[in-house]
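Asks: I would like to see how this sequence folds:
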Amino acid sequence: MLLAGGASDADPATAVWADSWHTGKALMQFSGTVGADGVLRLNGSYPAPPGPDWGWQIHLHPADGPGGRITMHNLVPGEDSYQVVELELHR
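Replies: Residues are numbered from 1 along each chain as shown. From the prediction side, this is the model:
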C-alpha cells in the first residue's frame with residue numbers, strides 16, 4: 001500500500017492497494033483521512049457486475065511503540081459492512 005497525507009485532525013490521505021487475488025495487476029484507489037488519533041481511515045470501491053460497485057474500508061491503527069493493527073471491512077450495497085481482516089503487528 002502506498003500512502004500520502006498528513007497526521008493532524010482529519011488530514012486528507014490517498015492510497016493504492018494491490019494483491020494478486022483481488023486486484024490482479026490493477027491498483028485499487030483509496031481516499032480518506034488521518035485523524036487526530038493517528039488512525040488512517042481509507043475507503044475504496046471496485047466493480048461487481050452486474051450490480052453496483054462494492055467497497056473496502058481499511059483502517060491502519062498505530063500502536064504505542066513499534067507495531068500497529070490493520071482492519072479491513074467489505075462494503076456490500078444494501079448490507080451491513082463486515083470485517084474480513086484484522087492484522088496485529090508486533091515487533
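
Asks: for the residue of the chain most remote from its centre, helix, strand, or coil?
Replies: In the chain, counting by C-alpha atoms, centre = their mean, P50 sits farthest out from the average C-alpha position, at 24.1 Å. At P50 the chain is in coil, as set by DSSP: H, G, I helix; E, B strand; the rest coil.

Asks: For G24, see how far away it is.
Replies: Note on P50: its distance to G24, by C-beta to C-beta, to the nearest Å, is 20 Å. The way it works is simple: take the backbone N, C-alpha and C, and place the C-beta from them, glycine included.

Asks: contacting residues for the spatially most central residue of the chain?
Replies: Closest to where the C-alpha atoms of the chain average out (C-alpha atoms, centre = their mean) is I58, at 2.1 Å. Going by C-beta atoms under 8 Å, 6 or more residues apart in numbering, I58 touches 1, 15, 17, 30, 40-44, 70-73.

Asks: Secondary structure element holding it?
Replies: Assigned by DSSP states H and E, I58 belongs to strand 54-62.

Asks: For the helix or strand where A15 lies, which residues meet the burial criterion?
Replies: Using DSSP H and E, A15 falls within strand 11-17. Applying a neighbour-count criterion of 16 or more other C-beta atoms under 10 Å, one finds A13, A15, W17 buried in strand 11-17.

Asks: Which elements pack onto it?
Replies: Packing contacts for strand 11-17, counted by 3 or more C-beta pairs under 8 Å, 6 or more residues apart in numbering; DSSP states H and E, involve strand 2-5, strand 28-34, strand 40-46, strand 54-62.

Asks: Report the angle between that strand and strand 54-62.
Replies: 120 degrees (axes from the mean of the first three to the mean of the last three C-alpha atoms, to 10 degrees).

Asks: ok so, going back, could you dump the buried residues of strand 11-17 to a markdown table with pLDDT and distance to A63?
Replies: Below are the buried residues of strand 11-17 laid out as a markdown table (pLDDT from 0 to 100; distance: C-beta to C-beta, whole Å):
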| residue | pLDDT | distance to A63 |
| --- | --- | --- |
| A13 | 93 | 19 |
| A15 | 93 | 19 |
| W17 | 86 | 21 |
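
Asks: What is the nearest of the residues you listed to A36?
Replies: A13 (13.4 Å; C-beta to C-beta).
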